[in-house]
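[1] got a predicted structure here, sequence first:
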Amino acid sequence: MKTQNMTRLLAAGAIVAIMGGCAAPQQAAGTPTAAPGTAAGPSRSASAATTSDAMPPCAFEVPGTTATEQETADGIVVEFVNPGQADEVRRRIRARAAYAMSHPVAMPVQMTKELEDSPGGIRMIVHSPDPSKVAEVRKLVRAQVAKARDQAAHK
């Protein structure tokens, strides 16, 4: 499998699951919260630190992670980059995508999403199948990225 060419299609609502909740991982009811550095704390990988009912850790919580946005004809591409910890950023984004697949969220507009490895991280490619909704999709994605970045910065 070629790492840079790996693409995953994501379910509707995945942008919210991928970007939402960066202030703290969501815990299932009755699930204890582990202290940092313990078995379920941030020092473990995203997949090892969560259960099927808990939101995986946010990519912006990895120190040095940045995101850039680029418009496309039918949507937007968000690239999450952290050259020193690209694998961890990829794991976190993929864990959130898996979470989104198992916890679908209704979205105000229809969109399709793909994940693709990049040299320093991972790209999230978001398309609108409806040309009249492209601006709305871009606005929603930008708002979610900004919210996630802000929440992680104030954690």
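    Received it, and whenever you're ready, just let me know what you need.
[2] nearest residue to E114 in space, please, no chain neighbours.
    Excluding the flanking residues, the one nearest E114 by CB to CB, 6 or more residues apart in numbering is I125, at 4.5 Å. Where C-beta positions appear, they are placed from N, C-alpha and C, glycine not excepted.
[3] right, and that neighbour touches V77 too?
    Yes: taking contacts as CB atoms under 8 Å, I125 lies within contact range of V77: 5.1 Å.
[4] what ranges of the chain fall below the confidence cut-off?
    The model of the chain has pLDDT under 70 over residues 1-21, 23-52.
[5] how about the helices in it?
    For the chain, applying DSSP state H gives helices covering 14-19, 86-102, 134-153.
[6] return the set of buried residues in the last one.
    Along helix 134-153, these residues count as buried under the neighbour rule (16 or more other CB atoms under 10 Å): V134, V137, R138, L140, V141, Q144, V145, K147, A148, R149, Q151, A152.
[7] now, which of the residues you listed sits nearest T66?
    R149 (8.8 Å; CB to CB).
[8] run through the residues that contact the residue lying closest to the closest one once chain neighbours are set aside.
    Excluding the flanking residues, the one nearest R149 by CB to CB, 6+ apart is F60, at 5.4 Å. For F60, the contacting residues are C22, A67, A148, R149, Q151, A152, A153, by CB atoms under 8 Å, 6 or more residues apart in numbering.
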